[in-house]
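Enquirer: Kindly return the folded structure for what I paste below:
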Amino acid sequence: MNAMKGAAAYGKGAKAYARVGVESSVMSASPHQLITMLFDGAQTSIRTARIHMLDGNISEKGKAISKALDIVNNGLQAALDAEKGGEVADRLWSLYDYIARLLLEANLRNDPERLDEASRLLENIGSAWREIGERPGEV
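Expert: Reported below is the predicted structural model:
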């Protein structure tokens, strides 16, 4: 019984440590790095959703898809600047909207192919974002 309590305490401590690490990374990240983190987080959530979908764990699948949707809608899409981004921002907004619809349909229909398509699209955009890199002088 003591070993189980010790393991539970260790698990809580490890989660708290990981949370502090993530928070520290976010606090010290540049705007470019933050967007990269959003892409990574969305991909992780989609992979998690796929695993739960295939295992039949509907509740956890829904949580993972909700997290991916939140990242796409309230992170990536919300970060777009229509004034500065012009047509590119408009097209990305539409693409993020399409990805959000794919995620919703994947959830409703238990469709891993829609998850895969959303993941591929996010990977393409994220890859291009990483290639752009940070511009000299950006903070």
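Enquirer: How about the residue positioned nearest the centre of the chain: what's its closest non-neighbour residue?
Expert: Centroid-nearest residue in the chain: Ala42, 1.6 Å away (criterion: CA atoms, centre = their mean). Excluding the flanking residues, the one nearest Ala42 by CB to CB, 6 or more residues apart in numbering is Ile71, at 4.3 Å. Where C-beta positions appear, they are placed from N, C-alpha and C, glycine not excepted.
Enquirer: So that neighbour versus Ser127, what's the distance?
Expert: According to CB to CB, to the nearest Å, Ile71 stands 17 Å off from Ser127.
Enquirer: just Ala89 next, same as before
Expert: Distance, Ala89 to Ser127, using CB to CB: 18 Å.
Enquirer: These two: which is more packed in?
Expert: Ala89 (16 against 11; other CB atoms under 10 Å).
Enquirer: Quick one: residues contacting that one.
Expert: Ala89 is in contact with Leu80, Asp81, Ala82, counting by CB atoms under 8 Å, 6 or more residues apart in numbering.
Enquirer: quick one: secondary structure of it?
Expert: Of the three states, Ala89 takes helix under DSSP: H, G, I helix; E, B strand; the rest coil.
Enquirer: okay but the residue nearest to the centre of the chain is in contact with Leu76, surely?
Expert: Yes. Counting by CB atoms under 8 Å, Leu76 is a contact partner of Ala42 at 7.2 Å.
Enquirer: List the buried residues in the host helix or strand of Leu95.
Expert: Following DSSP states H and E, the helix or strand that holds Leu95 is helix 82-109. Judged by neighbour count (16 or more other CB atoms under 10 Å), helix 82-109 contains these buried residues: Ala89, Leu92, Trp93, Leu95, Tyr96, Ile99, Ala100, Leu102, Leu103, Ala106, Asn107.
Enquirer: Stretch 72-79 now?
Expert: Under 16+ other CB under 10 Å, the buried positions of stretch 72-79 are Val72, Gly75, Leu76, Gln77.
Enquirer: Send over the helix or strand harbouring Trp129 as CSV, restricted to the C-alpha atoms.
Expert: Using DSSP H and E, Trp129 maps to helix 112-132. Provided in CSV are the C-alpha atoms of helix 112-132 (Å, rounded to 0.1, in the frame of the first residue of the first chain):
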residue,chain,number,x,y,z
PRO,A,112,-9.9,8.4,-38.2
GLU,A,113,-9.6,9.4,-41.8
ARG,A,114,-10.9,12.9,-41.0
LEU,A,115,-8.4,13.1,-38.1
ASP,A,116,-5.6,12.1,-40.4
GLU,A,117,-6.6,14.7,-43.0
ALA,A,118,-6.7,17.4,-40.2
SER,A,119,-3.3,16.3,-39.0
ARG,A,120,-1.8,16.4,-42.6
LEU,A,121,-3.1,19.9,-43.1
LEU,A,122,-1.8,21.1,-39.8
GLU,A,123,1.6,19.4,-40.5
ASN,A,124,1.8,21.2,-43.9
ILE,A,125,1.1,24.6,-42.4
GLY,A,126,3.3,24.0,-39.3
SER,A,127,6.2,22.8,-41.5
ALA,A,128,6.0,25.9,-43.6
TRP,A,129,5.8,28.0,-40.4
ARG,A,130,9.0,26.3,-39.1
GLU,A,131,10.8,26.9,-42.4
ILE,A,132,10.0,30.6,-42.2
